[in-house]
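Asker: Sequence first, then the predicted structure:
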Amino acid sequence: MDMKKLAGDKAAEYVKDGMVVGLGTGSTAYHMVNAVGEMVKNGLKIQAIPTSKATEAQARELGIPLLTIDELDHVDLAIDGVDEIDPQFNAIKGGGGALYREKVVASMAKEVIWIMDESKLVDKIGAFHLPVEIAQYGSKQAMERMAAYGWNPVLRVRDGKTFVTDNGNFIADLHLGAGFDIQDVYSKLTGMLGVLEHGLFLNMCKRMIVGHSNGEVQVIENPSK
Ligand SMILES: O=C[C@H](O)[C@H](O)[C@H](O)COP(=O)(O)O
């Protein structure tokens with residue numbers, strides 16, 4: 001049973017004719033994009049905004065009509081994966097490095113749905129590293145600023161090379177530990193010199209859709225949205 005596919009397929013049911021849809025990034029969003037592509041082949045009329053070059057390529061291949069960020073004036077529904085989320089709907093995202101575009105799109109959306117397998121639901125976020133997108137120029141100093149708070153930043157490396165985001169920046173992964181002070185880290189990172197954006201997505205979603213190993217799909221509504 002593919003728990004990510006269960007969640008992705010269920011989320012696609014919320015996509016309706018006429019919507020502008022934010023298409024997330026990652027291995028869970030991948031299934032949702034495939035499902036939406038199938039619906040488009042069967043006549044669904046939507047426009048979509050991808051949150052990464054990878055998702056853009058996938059959506060293009062599937063024939064999903066795309067808007068550029070400069071053409072975008074609203075988003076009806078954004079659907080994306082998460083790395084961790086707690087019962088207060090505080091999420092960490094950016095495991096794939098797409099956090100900036102994901103936050104731009106989710107921030108514009110009238111409704112946000114996070115999709116995941118059951119392993120992403122945790123009591124307290126922070127066991128997963130917190131991704132922070134930083135400018136290449138001055139990255140050493142930005143890393144030092146974060147290290148000074150005891151956040152244990154590690155510059156992300158992939159295939160032996162420093163990872164570069166779709167926006168041409170680096171990623172610092174902070175090792176905070178479960179139960180860190182979310183508001184404190186959020187406010188210190190916001191506006192920190194050299195930081196473009198971070199992977200804390202706090203209480204943004206209207207619902208989470210969780211695929212379970214027993215084949216069940218759980219929809220958890222956010223009472224505050
Ligand atoms: O940058 C990547 C995104 O935030 C992903 O949505 C997140 O990392 C979850 O990815 P996955 O569904 O592959 O676990």
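Answerer: Received, thanks. Residues are numbered from 1 along each chain as shown.
Asker: in the protein, which spans are helices?
Answerer: With DSSP state H as the criterion, the chain has helices at 3-12, 27-41, 53-62, 99-108, 139-148, 182-189.
Asker: which residues touch the fifth one?
Answerer: Spelled out, that is helix 139-148. Residues from elsewhere that reach helix 139-148 (Cβ atoms under 8 Å, 6 or more residues apart in numbering): Val132, Ile134, Ala135, Pro153, Leu155, Phe170, Ala172, Leu174, Met192, Leu193, Gly194, Val195. No exception for glycine: its C-beta is placed from N, CA and C like everyone else's.
Asker: Could I get the contacting residues of the fifth one?
Answerer: The neighbours of Leu155, taking Cβ under 8 Å, 6+ apart as the test, are Ser139, Met143, Thr162, Phe170, Ile171, Ala172, Asp173.
Asker: hang on, Gly215 packs against Asp2?
Answerer: No - checked against Cβ atoms under 8 Å, the pair Gly215 and Asp2 is beyond contact range at 10.0 Å.
Asker: Can you pick out the residue with more neighbours from those two?
Answerer: Asp2 (14 against 10; other Cβ atoms under 10 Å).
Asker: wait, isn't Gly168 in contact with Ile134?
Answerer: No - using Cβ under 8 Å, Gly168 makes no contact with Ile134, being 11.4 Å away.
Asker: so where is the protein shaky, pLDDT-wise?
Answerer: Counting by pLDDT under 70, the chain has no low-confidence residues at all.
Asker: Next to the ligand, which bits of it? Give me the list.
Answerer: Those residues of the chain that sit near the ligand, judged by Cβ under 6 Å from any ligand atom, are 24-29, 80-83, 93-99, 102.
Asker: Dig out what Trp23 forms beta bridges with.
Answerer: Trp isn't right for residue 23; it's Leu. Bridge pairing for Leu23 (DSSP bridges) gives the partners Pro50, Ile79.
Asker: and the gap between the spatially closest residue to Lys5 that is not a sequence neighbour and Asp166?
Answerer: Excluding the flanking residues, the one nearest Lys5 by Cβ to Cβ, 6 or more residues apart in numbering is His31, at 4.3 Å. In this view, His31 and Asp166 are 21 Å apart by Cβ to Cβ, to the nearest Å.
Asker: what about these two, which has more around it?
Answerer: Taking other Cβ under 10 Å, His31 and Asp166 do not tie; His31 has more neighbours (24 against 18).
Asker: In contact with the more buried one, which residues?
Answerer: By Cβ under 8 Å, 6+ apart, His31 lies in contact with Asp2, Lys4, Lys5, Ala7, Gly8, Asp9.
Asker: Now for Gly168 and Ile134: what residues contact both?
Answerer: Contacts common to Gly168 and Ile134, judged by Cβ under 8 Å, 6+ apart, are absent.
Asker: Could you list every helix and strand in contact with the longest strand belonging to the chain?
Answerer: Secondary structure of the chain per DSSP state E: the longest strand is strand 109-117. Under the contact criterion of 3 or more Cβ pairs under 8 Å, 6 or more residues apart in numbering; DSSP states H and E, strand 109-117 touches helix 3-12, helix 27-41, strand 75-81, strand 207-211.
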